[in-house]
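> Give me a 3D structure for the following:
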Amino acid sequence: ETVGKHSNENVAVREVYRQLVEEEGMDPFEVMMTVVDADSLLSTSYLAHVEAAFNKQLDGRRLVYSGPLNTYRNFADAGLLVQMYEIMRCNTDTFHDPLK
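Below you'll find the model as predicted:
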């Protein structure tokens, strides 16, 4: 097994699947999982928004929720191009029209 975030996520997903689907018989498409870095600062309503977005879907097979990301803690360390990209991405995530 390789070391790193991706391998930890892989192990976690397999364990959740084993416990919830194989042992408890839950429908895997009704299980919501999220990945958050240990140093992330989340809004108190972030998980409620993720859950609401998940519950609006026909089923759990079609949703990848990408919430607005705040990069202010290391924003000044990035180059101008990265800063501009982050501003545009955050604006798009925050003010998108879900009906378009």
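> Tell me the confidence at Trp9?
Actually, residue 9 is Glu rather than Trp. pLDDT for Glu9: 87.
> And it, how far from Thr34?
Distance, Glu9 to Thr34, by CB to CB, to the nearest Å: 11 Å. (C-beta placed from N, C-alpha, C; glycine too.)
> State the helix or strand in which the closest residue to Phe75 other than its chain neighbours lies.
Using CB to CB, 6 or more residues apart in numbering and skipping the chain neighbours, the partner closest in space to Phe75 is Gln83 (6.3 Å). Using DSSP states H and E, Gln83 falls within helix 80-95.
> How far away from the center of its chain is the host helix or strand of Val50?
If you go by DSSP H and E, Val50 is part of helix 46-55. Relative to its parent chain, helix 46-55 has a centroid offset of 10 Å by CA atoms, centre = their mean, to the nearest Å.
> Can you give me the buried ones in stretch 80-89?
By 16 or more other CB atoms under 10 Å, the buried positions in stretch 80-89 come out as Glu86.
> Could you give the number of residues near Asn74?
When counting by other CB atoms under 10 Å, one arrives at 7 neighbours for Asn74.
> what about Phe54, neighbour count?
With other CB under 10 Å as criterion, Phe54 counts 17.
> Setting aside sequence neighbours, what's the nearest residue to it?
Met32 (4.7 Å).
> That neighbour and Gln57: what is the separation?
10 Å.
> got a pLDDT number for Arg62?
69.
> Make residue 1 into 7 and carry on from there
All right, first residue 7 from here; so that's Arg68.
> Sketch out the low-pLDDT regions of the chain for me.
7-8, 66, 68-69, 71-76, 99, 102-106 (pLDDT under 70).
> which stretches of it form strands?
Counting by DSSP state E, the chain has no strands at all.
> Kindly format the C-alpha coordinates of stretch 20-34 as CSV.
The C-alpha trace of stretch 20-34 is given here as CSV (Å, rounded to 0.1, in the frame of the first residue of the first chain):
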residue,chain,number,x,y,z
ARG,A,20,-13.7,0.3,1.8
GLU,A,21,-14.2,0.2,5.6
VAL,A,22,-17.4,2.3,5.4
TYR,A,23,-18.7,0.1,2.6
ARG,A,24,-17.9,-3.1,4.6
GLN,A,25,-19.6,-1.8,7.8
LEU,A,26,-22.6,0.0,6.3
VAL,A,27,-23.4,-2.0,3.2
GLU,A,28,-22.1,-5.5,3.8
GLU,A,29,-22.8,-5.7,7.6
GLU,A,30,-25.8,-3.4,8.0
GLY,A,31,-27.4,-3.9,4.5
MET,A,32,-27.6,-0.2,3.7
ASP,A,33,-28.1,0.9,0.1
PRO,A,34,-24.7,2.2,-1.0
